[in-house]
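**Q** sequence unknown, structure follows:
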Ligand SMILES: NC(=O)C1=CN([C@@H]2O[C@H](COP(=O)(O)OP(=O)(O)OC[C@H]3O[C@@H](n4cnc5c(N)ncnc54)[C@H](OP(=O)(O)O)[C@@H]3O)[C@@H](O)[C@H]2O)C=CC1
Ligand SMILES: O=C([O-])CC(=O)C(=O)O
């Protein structure tokens, strides 16, 4: 599998180190990356020996089969349709962009017409298989997410005592915290939708982990999941599990037996 990555931050760096340096996906290689700053592109070429483009068309014509977006929700809005129109498969980690039902619908239709696919990794959470199974017959009644992050990484400032900084729908949550609550959107898309999934975000002065608690109730019974994620050292907003989930999504493409 020939992989192209959009972005050069924490997740992108984890991927290129895991795949090209540590060879964790035998038979696959990151062939090229898309970066917006020429000086960063030069540095990536020097460090990893991969091709780095600042021109999206050139990047998409570099012989890659699958594109991994590891950048921002804006990048998904700006480039996802172009990527799909070139018949590339696409992995999206900034899932928050898909809160927009029109973008979601257009991408879905384009994939159907061109016979390609978009993969949304489970990111920093788990339990999406349960939510998805419960939705097979639409028998899910309630889904809620409580996210607790260190105040300094969530708000860019410290607080004296823990603060509930948001309570509302997933739709509102991602518009207020686009770099911190993509998990709410993937949870919503698997389940009840962005306006029916409730989200609480807590800024915690004592926290050292990114904690996500998911509760779901439906005809299957009840699910309670609590994840205590270690943050990535270079970007504590992002959990290590989120980066691992992208690698696992890529690994699934190479396997003949798919679990979950
Ligand atoms: N679904 C989930 O569960 C999770 C999703 N995420 C999301 O994953 C994404 C990646 O996270 P992470 O790697 O930690 O983020 P970083 O902030 O470390 O990296 C983001 C990268 O995107 C690049 N970028 C921004 N705009 C553009 C652009 N227009 N064109 C090309 N590159 C661009 C930045 O480059 P530059 O230096 O030029 O700014 C930077 O290299 C984020 O959107 C984050 O919110 C994170 C955790 C969990
Ligand atoms: O990594 C996390 O814990 C969650 C996150 O940033 C996101 O969903 O955007």
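**A** Everything's here; your move. On a predicted model such as this, the values are computed, not experimentally measured, just so you know. Ligands and ions are numbered 1, 2, ... in the order given.

**Q** tell me the contacts of the closest residue to residue 162 other than its chain neighbours?
**A** Distances taken as C-beta to C-beta, 6 or more residues apart in numbering put residue 204 closest to residue 162, at 4.7 Å, once the chain neighbours are dropped. Any C-beta I mention is one placed from the backbone N, CA and C, and that applies to glycine too. Residue 204 sits next to 148, 149, 150, 151, 162 when contact means C-beta atoms under 8 Å, 6 or more residues apart in numbering.

**Q** For the third one, give me phi and psi.
**A** When quoted as degrees, to the nearest 10, the phi and psi of residue 150 stand at phi -60, psi 130.

**Q** With residue 49 instead?
**A** Residue torsions, per degrees, to the nearest 10, at residue 49 are phi 60, psi 20.

**Q** Would you mind pulling the contact partners of stretch 110-119?
**A** With C-beta under 8 Å, 6+ apart, stretch 110-119 has contacts from 80, 81, 84, 85, 87, 88, 89, 90, 91, 92, 107, 249.

**Q** what secondary structure does the fifth one sit in?
**A** Translated: residue 87. coil (DSSP: H, G, I helix; E, B strand; the rest coil).

**Q** okay, now it: neighbour count?
**A** Neighbourhood size, residue 87 [other C-beta atoms under 10 Å]: 13.

**Q** what's across from the residue nearest to residue 162 in the sheet?
**A** Beta-bridge partners for residue 204, by DSSP bridges, are residue 150.

**Q** Next, work out how far apart residue 133 and residue 190 are.
**A** According to C-beta to C-beta, to the nearest Å, residue 133 and residue 190 sit 10 Å apart.

**Q** Compare these two and say which is more crowded by neighbours.
**A** Higher neighbour count among residue 133 and residue 190: residue 190, with 24 against 15, using other C-beta under 10 Å.

**Q** Just to check, that one is in contact with residue 134?
**A** No. Residue 190 is not in contact with residue 134 according to C-beta atoms under 8 Å; the separation is 9.3 Å.

**Q** give the contact list for residue 236.
**A** Per C-beta under 8 Å, 6+ apart, neighbours of residue 236: 150, 152, 153, 210.

**Q** Counting neighbours, what do you get for the residue lying closest to residue 86 once chain neighbours are set aside?
**A** Spatially, and ignoring its direct neighbours in sequence, residue 86 is nearest to residue 60 (4.8 Å; C-beta to C-beta, 6+ apart). With neighbours defined by other C-beta under 10 Å, the count for residue 60 comes to 22.

**Q** and if you look at residue 250?
**A** So residue 250, with other C-beta under 10 Å, has 23 neighbours.

**Q** mind listing what it touches?
**A** Residue 250 neighbours (C-beta under 8 Å, 6+ apart): 1, 3, 15, 19, 25, 28, 66, 68, 91.

**Q** Need the residues that contact stretch 210-225.
**A** By C-beta under 8 Å, 6+ apart, stretch 210-225 touches 124-127, 130-131, 133-134, 137, 139-150, 183, 187, 191, 226-229, 231, 236-237, 239.

**Q** Mark which of the residues you listed are part of helices, please.
**A** If you go by DSSP state H, the contacts of stretch 210-225 have 130, 131, 133, 134, 183, 187 in helices.
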